[in-house]
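> Next one to model:
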Amino acid sequence: MARISRDGSGGRPKKIIGLGDESMHWLIASISCETGIGPNELMQLEPRMLWTLNRYLIHRSQKQAQSHRKR
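Next up, the predicted model:
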């Protein structure tokens, strides 16, 4: 469900449209939450480094899932 915000002009509410889980904003937010690295620091990185960080987090999650299945 999208949030409604005022556009600052005192007019009608403005609908905020989500960017989706494939957007750069989503990627930065998820890496920031998982690592504790601030979004401003992540925005300074090259796109390839963000991709690498994301792939590492996916790899780590998959390894943890595998280790839980082996128990």
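
> and Gly8, what pLDDT?
If you check Gly8, the pLDDT there is 58.

> Please shift the residue numbers so they start at 846 in all later answers.
Noted, 846 is the first residue going forward, which turns the last one into Gly853.

> Could you tell me what pLDDT the model assigned to Arg914?
Confidence score, pLDDT, at Arg914: 83.

> can you tell me the helix or strand for it?
For Arg914, the host element (DSSP states H and E) is helix 892-915.

> Restricting the selection to alpha carbons, write that helix to CSV.
Taking C-alpha atoms only, helix 892-915 is exported to CSV below (Å, rounded to 0.1, in the frame of the first residue of the first chain):
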residue,chain,number,x,y,z
PRO,A,892,27.9,0.3,-8.9
ARG,A,893,30.1,-2.8,-9.3
MET,A,894,31.0,-2.7,-5.6
LEU,A,895,27.4,-2.4,-4.6
TRP,A,896,26.6,-5.4,-6.8
THR,A,897,29.5,-7.3,-5.2
LEU,A,898,28.3,-6.5,-1.7
ASN,A,899,24.8,-7.6,-2.6
ARG,A,900,26.1,-10.9,-4.1
TYR,A,901,28.2,-11.5,-1.0
LEU,A,902,25.1,-11.0,1.3
ILE,A,903,23.1,-13.5,-0.9
HIS,A,904,26.0,-16.0,-0.8
ARG,A,905,26.2,-15.7,3.0
SER,A,906,22.5,-16.2,3.3
GLN,A,907,22.6,-19.3,1.1
LYS,A,908,25.5,-20.8,3.1
GLN,A,909,23.6,-20.2,6.3
ALA,A,910,20.5,-21.9,4.9
GLN,A,911,22.6,-24.9,3.8
SER,A,912,24.2,-25.3,7.2
HIS,A,913,20.7,-25.3,8.8
ARG,A,914,19.5,-28.0,6.4
LYS,A,915,22.4,-30.2,7.3
